[in-house]
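**Q** please find the sequence and the predicted model below.
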Amino acid sequence: MKEVVWCFTYIKEITLREDYKEVYILWRERNPVARINLDAKALMNLKNYISKAQKLTAVEIDEIRENIILEIGEATEDYTNEVNGDRTGANGIEYQKKDKTKETLIAVKQRLINIQAPKESSTHLRIR
């Protein structure tokens, strides 16, 4: 049941409409041997039954939607990184965060070294 709702929600998030034929193609790709005699209209009827009979709770449906949004976001992020020539992969953001943290640490160390090192040119105090 969750798989049916997942497929319908995924297609709706991607295309912003519920095309039951596209949903069936996705569902069949994910479940090649499950319910062989099920066609696109029967899958749509199953989805309608699940929603009308409330076979899944609102919390379960929200979890499915959140997982799909995360999955779509990661795919979009990977594509954007690939197009921009940045580091690709699931940890692309982590690499960027680590680089920024490393740069910040280096800057802080430089400031500490400058503070601790005696300044040669400031041996005489100016009094006005």
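**A** Thanks, I have it.
**Q** could I get the full set of helices for this structure?
**A** 2-15, 20-30, 40-52, 58-84, 92-116 (DSSP state H).
**Q** alpha carbons only: can I get the first one in PDB?
**A** These are the backbone C-alpha positions of helix 2-15, laid out as PDB (Å, rounded to 0.1, in the frame of the first residue of the first chain):
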ATOM      1  CA  LYS A   2       2.800   2.400   0.900                       C
ATOM      2  CA  GLU A   3       4.500   1.700  -2.500                       C
ATOM      3  CA  VAL A   4       1.300   2.700  -4.400                       C
ATOM      4  CA  VAL A   5       1.000   5.900  -2.400                       C
ATOM      5  CA  TRP A   6       4.800   6.600  -2.800                       C
ATOM      6  CA  CYS A   7       4.500   6.300  -6.600                       C
ATOM      7  CA  PHE A   8       1.500   8.500  -6.900                       C
ATOM      8  CA  THR A   9       3.100  11.100  -4.600                       C
ATOM      9  CA  TYR A  10       6.400  11.000  -6.400                       C
ATOM     10  CA  ILE A  11       4.800  11.600  -9.900                       C
ATOM     11  CA  LYS A  12       2.600  14.400  -8.400                       C
ATOM     12  CA  GLU A  13       5.700  16.100  -6.900                       C
ATOM     13  CA  ILE A  14       7.700  15.800 -10.200                       C
ATOM     14  CA  THR A  15       5.000  16.600 -12.800                       C
END
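**Q** just the buried positions in that helix, please.
**A** 4-12 (16 or more other C-beta atoms under 10 Å). In this view, the C-beta of every residue, glycine as well, is placed from N, C-alpha and C.
**Q** ditto for the second one
**A** Neighbour-count burial for helix 20-30 flags 20, 22-24, 26-28 (criterion: 16+ other C-beta under 10 Å).
**Q** before we move on, back to that, for the buried residues of helix 2-15, give me JSON lines that also has distance to residue 51 and pLDDT.
**A** Listed next are these as JSON lines, based on distance: C-beta to C-beta, whole Å; pLDDT from 0 to 100:
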{"residue": "4", "distance to residue 51": "10", "pLDDT": "94"}
{"residue": "5", "distance to residue 51": "8", "pLDDT": "93"}
{"residue": "6", "distance to residue 51": "13", "pLDDT": "93"}
{"residue": "7", "distance to residue 51": "13", "pLDDT": "93"}
{"residue": "8", "distance to residue 51": "9", "pLDDT": "94"}
{"residue": "9", "distance to residue 51": "11", "pLDDT": "92"}
{"residue": "10", "distance to residue 51": "16", "pLDDT": "91"}
{"residue": "11", "distance to residue 51": "15", "pLDDT": "91"}
{"residue": "12", "distance to residue 51": "13", "pLDDT": "91"}
